[in-house]
Each structure stands twice: as C-alpha cells, then as structure tokens.
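A.B. asks: sequence first, predicted model second:
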Amino acid sequence: MLVDTVENYTEILEQLQDEKALVVDVETNGLDSFGHAQICGIGIGKISNDETYYFPMRHQQGTNLPHIQTQQLIAVLNTCPVLIGYNIKFDLHFLEKEGLGVQKKRLEDVIVMVRLTEPTQVRDLDLTSTLKRSYGESAAQYDIETKKYLRSNKWNKDFSLAPPDVLGEYCEKDVHWTRRLYRDRLGLIHKSQQEAVWELEVSLTPVLYAMENRGISVDTEYAQTAIEKILSRKEELKEKIYAIVGEFNINSTQQLGAALNEQGIFSPESTPKGAQSWGEAALVKIDHPVAGYIRQYRTLEKLRSTYLEPHLEESVIHTGFCNWGTVTGRLSSREPNLQNIPRNHFKLTDIKLTEEERLEVLQRVNAILAAKGDAGVEELKPEVLDTWSFIGDESYDESVGNQIAIRRLFKPRENYYLVGFDYSQMEVRVFLSYLQNEEIQNLLRKTDVDFHGEAAKLAFGVEEDSSEFKFYRQMAKAITFGTIYGIGNKKLAIQLGTTPREAGQYKRRYFEGLKGSKGFFDSVVKTVETRGWIKNRYGRVYRIPADMGYKGINYLVQGTSADILNERLIEVSRALEETQSKVLLQVHDEIICEIHEDEITTLPTQITELLKENSLNIPLQVDMELCDPTWATKIDMNKAVFSSPAATQTVEDYIDWE
DNA sequence: CCTGACTCA
DNA sequence: CATTTGAGTCAGG
C-alpha cells in the first residue's frame, strides 16, 4: 500500500509501532551510501501479518511524504527491536543517514539465511535468482519486468526519477518475497539444527556494520605520487617490449599471444579452454627478457587500476563485508575488496643483479609460483632473472627511492596506531584438531611448534638432523595443504615435483603416519556420499554433491577457522565497546585494529588473549604487529616486548622509538 | 580449495 | 550504440 497522505500515514504508523519485528527495504537514487546517494522511498512489511507499505520520500515526480512525517517513520523504526532485510546492511547504511540507530538492534539478514540453507554449489544469492530457485521463474517475473521498464525510461541509475506508484509496487513485492523467504528459511534453519550458527551470524551482522561504517584512512597523496611513478615506469617498459616484438595492446592476452607467436615464442601452458596461456607461470617458463618486462608491465597496470586509481578522492574508505559471500562461512570484502591488498613492495627500475642475488630471485619466483600451485623452474638465463627482480618482499622502506607498496596507502587516524593481530598456522591447527590422535592433540597444546616438521617425522620417519629432513618437511607441508585444499594427485604431483603415482604413494605414507588423518578424510567422503551433508564444529551445514566429498575437508577446515574468527570478532568488538579503539578489518586469519594512543599499552595484549580463547578450545597462537607508520611497515610487538633479554622494554618504550 | 576486480572481446 | 557475459589474469587467504 502506497502511504502518501496525511490520513493514512498516522494510522499506519500507529500499527507499525507495536510490531516486534519489521521487514525493511529501501529504494535509493544511487548505490554509494557513503557518498551522495540517498533514500527515495522506504518499504516496510509487518511480520505478524502480510501487510506491506511504501513510504515515498524523495521522488522527483508524484507525491512524497513531508519530511516531518518520514521522521516519525524513522522514530517508529528506532523503537523496533528487530529488523529483517535482504542484504540488510546496505539498507541500514542509508537508514542511518536518516537518523536510524542500529547498534542495539537485532539484525536478521535473509541473504545470510539463504546462504545457510542452500547447497554449496549455489553461488548466486541475489534476490532475483533466489526467488527463481525457491519459487519458480514466475516469482521473479515482477523483478525482471520492472527492471526492464525502469531501464527503458533511463530511471535505472536513479530510482528517484521513477514515479512512487511504480517503484512502490516493486519495493512492496521485494518486501513481500523477503518476508516469505524469512519464514521459509527460518524453518529450514531449525530443521537443519543450525540455530547456533544463525545466532552467530545475527551477532556478527552489527559488528560488520560498524566496521564498514568506521572505514579506514587512506593516504590519497601517496596514491597520486605512486601512480605518477608507475606511469613513467610503464612508458619505459612499453618501449622495451615494443622494441622486441612490435606494437600491440599489452593488456590484451590475445594480441600478446599473436605478437609473441610472430617472434617464434609459444606458450608452454594452456588455459582451461585450451588457448595458449600467458599468465605468470607461462611467462616464467619462456625464459626471455620480454616475458619479464611484460610481467612487470602487467603488475604495475594492475596496481594502478585496482589499488591506486580508486583512492585519489576519498581519505576514508568503506568496504562492504559479506557474511553471505562464501560457502565456507568466511567473510568476503568488496567495493573495494580490502582482503586482497598486495603484501609485497615493487621496484620500479632496471636492476643488474649479482650472481648471489640472481639465485635469490629464482627462489622467490619459484616460491610465488608454488604458492599459486604452479610448478617452478629449474633455472633462468641471468639477464632474464634481472627482469624478474622487480618483485620485492613484505618489507618497505620509503627512504629507498623507486619502490612502491600498496599497503603504504593505509594509515592510522590522528592519535591512533594500526595494530594487526594474526593467527599463525590457523588452518593447519584446525585441521589437526580434527584428527583423533592423542599424540597430535598434545602437539597442538605446545606453543611454537613446527607442524610441518613434526608431520614429516611422523609420516616419513625422518629425524630433524637428517640431511633429508628439509625435503620430507616440504613434502609433508605440501600434502597437508593439499589435503586441506582438497586437491587431487595430479595437482599434488605438480606441487611435490613428482609423478601423480609417486604423489599418491607419498600421500599414503602421510596418511599412515599421521594417525587419524586417513580416518578423517574417509569419513568425510563417505558421509557426503551417503548422507549428502556434513557440518563444521560450529554446526554450519554444507550440502555437497555426492561425488564431491573430497571438497568437504576444505569446507570443514576453512569453515571452522572462519567461524572461530566470526566468534572472536564479536568478542573483541564487545571488549572495545567502551574504548576509543576499534576493529577496522578482517582478513580471514587476522584482524586489523586502530588502537587509541591512550590505550596502546593495555589493549593489544588483551585483544591477543581474547583471540586465543575460543569455544572449541583449540590452542591457537596469535602474532601482534604494530603497523607504523602505515600498513606497509610491520613490527612484531611480541618479540619487542617479550623476547629481548634486556627486558625492561615495554610496548610503550617501543612506540616512543619511532 | 575459497574469494573479488579489472580488462578484453 | 550501449550493456551484458565469459574468459583470462592476478591480488589475498
């Protein structure tokens, strides 16, 4: 029902006043709630019955409710203890601009309920596709038709251009279907006994909302100077590349392939569709200077377009954290994604390496390839290795010219310190915690254990002083990660540098030696095969196709780790409520906080302790790093405080050094 | 194995 | 002509 007259709005507000929970959906004139975009109308649905209303506020045609009256609507929302919505944080950011207070409310996000109750292979969770899946094509017809109509009138970028009756009807239908989904999925959550994870998600939602709202400071001037440096270096590289293979668009893999083929250079790798691949793994193997230059060019272009160009305007940026974005229960981050900011620094000059340095570069390149699951290279020509030396490590020294680091952009607010807390070897620890083996459980309880080394001893019977120890440790490490990731023998063989047959044999020995690992693996595969679903240690359910059981290990390990983070994030946020310090980011196994200078001597150790605790009682280890002056420069606070025998040193002393 | 962003075609 | 889509690549865990 369109509510746009004084007669009907008073009565309707009175009715809404008594509701214990309301479904909300806002229509806006843009997507940027932290910029200029605003609400043009609010849809509200009761949960006690099926009534739905649309309150037009800022339509550029037709009748809007006067501001005083929409203020009363916000007042009603403010007294409502429970809000329900589809991707509700989006709506809340807009509603807060109108005066809504969200912090004490229970926020039930229907898109999160959908994630919890869909099979793992379902990835598309937007309302349209969810309606199609759940209620058939016809249920989503209104959505498709309205969007088409809005587009035909060029109202699709700014819904306030559309008349209230058109948009109101559309919005009310969204509310109607959101309510229907809410009821149905609540039933499924109970049926699958996921009440506990659901409550975890409900508690997580306002925490994520607050993190999004707070945002993180960005050094826009650094972005500008870094772009300038990149542009001039790109010109240099372009000249070198064109001199060798002629002119073409370096960003186009098709044109790149044609240009290289013409020179008699062919790719040793292929893409999934069978074309020649020109990715990093292929370029390395070409062993030609032009390949290194192309890789440099592409890296710089990626840094510019993805990580620098978007940060020239706003000095505080707000990511969106989705607690519905992954099947495992991890968060995802978007617009911008702050969970994939490059760690390394990059060098912007031609470098002539010494013999020793060339060996290091070869090792680094191989390490990077290994991390991506690609095979390494035996050796490269000296002049080719020079072209690959632009990849720096995680350190960053601004006083050394001609280097850039993207994490240098992120800095603390005035009077704050950035502090990162990260779990060490979290997924390995969670994996081991699943094994029914007293010896391993004891190992877990020790601090400072080299798990890969221990696994090598158990699986292959080597001693630490043996000359073969390093080799077998590497094997054990690759198999552990391979098992956690659920890769097959073929990919494992690439990692191990063996044939698939041999890889299978190493795996068998590993499973034999690491008591409990075989049992864990087999029971997961079998349960998926027979029952179709498994649940992680927090009760999160994964419905998996019968023949995909091998993926289950990854879901359980990654998912349980994720839920530990979810749980701890809530606890840390609660602990920081009465302080000036805040959690800013979560990057899967770490959180980044801004700690007020008055609290720097007390809070970091408290946060570390809170992160180590968990309701599963898995012994976890947390490193604490001060990011000073920016995220690009990390100083280990644990070591600074505890491991120096000189010893009267405290965090405070450390800060003062600067 | 789990993601998101950008570019080209 | 504008917009959408899939493929390829690459940043993170």
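C.D. replies: Perfect, I can see it now.
A.B. asks: mind pulling the model confidence for A:Glu652?
C.D. replies: Note for A:Glu652: predicted pLDDT of 46.
A.B. asks: what residues does the stretch 551-658 of chain A have near DNA strand C?
C.D. replies: Contact residues, the stretch 551-658 of chain A versus DNA strand C (CB under 7 Å from any atom of the strand): A:558, A:587-589. For the C-beta atoms, the positions are set from N, CA and C on the backbone; glycine is no exception.
A.B. asks: so which of these wins on neighbours?
C.D. replies: Most neighbours among those, by other CB atoms under 10 Å: A:Gln558, with 24 neighbours.
A.B. asks: mind listing what it touches?
C.D. replies: Going by CB atoms under 8 Å, 6 or more residues apart in numbering, A:Gln558 touches A:328-330, A:427, A:484.
A.B. asks: need those in TSV (columns: secondary structure, pLDDT and neighbour count).
C.D. replies: Formatted as TSV, the contacts of A:Gln558 follow (DSSP: H, G, I helix; E, B strand; the rest coil; pLDDT from 0 to 100; neighbours: other CB atoms under 10 Å):
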residue	secondary structure	pLDDT	neighbour count
A:Thr328	coil	94	19
A:Gly329	coil	95	26
A:Arg330	coil	95	20
A:Glu427	helix	94	20
A:Ile484	helix	90	18
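A.B. asks: farthest pair in the residues you listed?
C.D. replies: A:Gly329 and A:Ile484 (15.2 Å; CB to CB).
A.B. asks: now do the closest residue to A:Ile42 other than its chain neighbours against DNA strand B, distance only.
C.D. replies: The shortest distance from A:Ile42 to any non-neighbouring residue, by CB to CB, 6 or more residues apart in numbering, is to A:Phe55 (4.8 Å). Distance, A:Phe55 to DNA strand B, using CB to the nearest atom of the strand, to the nearest Å: 31 Å.
A.B. asks: can you count the residues close to the residue in chain A that DNA strand C sits nearest to?
C.D. replies: Of all residues in chain A, A:Gly279 sits closest to DNA strand C, at 2.9 Å by CB to the nearest atom of the strand. Using other CB under 10 Å, A:Gly279 has 15 neighbouring residues.
A.B. asks: just give the nearest non-adjacent residue to it, would you?
C.D. replies: A:Glu269 (7.1 Å).
A.B. asks: for that neighbour, give me phi and psi.
C.D. replies: phi -120, psi 150 (degrees, to the nearest 10).
A.B. asks: so it touches A:Leu283, yeah?
C.D. replies: No: at 9.2 Å, A:Glu269 does not count as touching A:Leu283 under the criterion of CB atoms under 8 Å.
A.B. asks: more neighbours: which of the two?
C.D. replies: Higher neighbour count among A:Glu269 and A:Leu283: A:Leu283, with 24 against 17, using other CB under 10 Å.
A.B. asks: contacting residues for the more buried one?
C.D. replies: Here A:Leu283 is in contact with A:291-292, A:294-295 (CB under 8 Å, 6+ apart).
A.B. asks: among those residues, which ones are in strands?
C.D. replies: Nothing among the contacts of A:Leu283 maps onto strands, per DSSP state E.
A.B. asks: farthest-apart pair in the residues you listed, please.
C.D. replies: It's A:Gly292 and A:Ile294 that sit farthest apart of the contacts of A:Leu283, by CB to CB, at 7.3 Å.
A.B. asks: buried set for the strand or helix carrying A:Arg183?
C.D. replies: Following DSSP states H and E, one finds A:Arg183 within helix A:164-191. For helix A:164-191, a neighbour-count test (16 or more other CB atoms under 10 Å) marks A:164, A:166-168, A:170-182, A:184-186, A:189 as buried.
A.B. asks: next one: phi and psi at A:Lys411?
C.D. replies: Dihedral angles of A:Lys411 (phi, psi; degrees, to the nearest 10) stand at phi -130, psi 160.
A.B. asks: if we ignore the residues flanking it in sequence, what's nearest it?
C.D. replies: A:Thr630 (4.7 Å).
A.B. asks: just A:Gly552 next, same as before
C.D. replies: A:Val524 (4.1 Å).
A.B. asks: pull the number of nearby residues for that neighbour.
C.D. replies: 23.
A.B. asks: list the contacts of the helix or strand harbouring it.
C.D. replies: Following DSSP H and E, one finds A:Val524 within helix A:517-531. Identification of contacts with helix A:517-531 by CB under 8 Å, 6+ apart yields A:434-436, A:483, A:510-512, A:533-534, A:544, A:546-550, A:552-553, A:556.
A.B. asks: which of those residues fall in strands?
C.D. replies: A:533-534.
A.B. asks: show me how to select, in ChimeraX, the buried members of the contacts of helix A:517-531.
C.D. replies: Command for ChimeraX that selects the buried part of these, burial taken from 16+ other CB under 10 Å:
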select /A:434,435,483,510,511,534,544,549,550,552,553,556
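A.B. asks: among the contacts of helix A:517-531, which are in helices?
C.D. replies: A:483, A:510-512, A:552-553, A:556 (DSSP state H).
A.B. asks: which of those sits closest to DNA strand B?
C.D. replies: When those are compared against DNA strand B (criterion: CB to the nearest atom of the strand), the nearest one is A:Ile553, at 9.0 Å.
A.B. asks: DNA strand B contacts on chain A?
C.D. replies: A:120, A:123, A:249, A:251-252, A:254-255, A:301, A:305-306, A:310, A:322, A:325-328, A:330, A:332-337, A:339-340, A:373, A:485-487, A:551, A:554-555, A:558.
A.B. asks: one more pass at 6 Å, please.
C.D. replies: Within chain A, the positions lying close to DNA strand B (CB under 6 Å from any atom of the strand) are A:123, A:249, A:251-252, A:254-255, A:305-306, A:310, A:322, A:325-328, A:332, A:334-337, A:340, A:373, A:485-486, A:551, A:554, A:558.
A.B. asks: which non-adjacent residue is nearest A:Asn437?
C.D. replies: A:Gly516 (3.9 Å).
A.B. asks: which parts of the stretch 251-400 of chain A sit against DNA strand C?
C.D. replies: Counting by CB under 6 Å from any atom of the strand, the residues of the stretch 251-400 of chain A close to DNA strand C are A:253, A:271-273, A:275, A:277-280, A:295, A:298-299, A:302, A:340, A:342-344.
A.B. asks: which of these are buried?
C.D. replies: A:253, A:277-278, A:280, A:295, A:298-299, A:342, A:344.
A.B. asks: in strands, which of those residues appear?
C.D. replies: Among these, none falls in strands (DSSP E).
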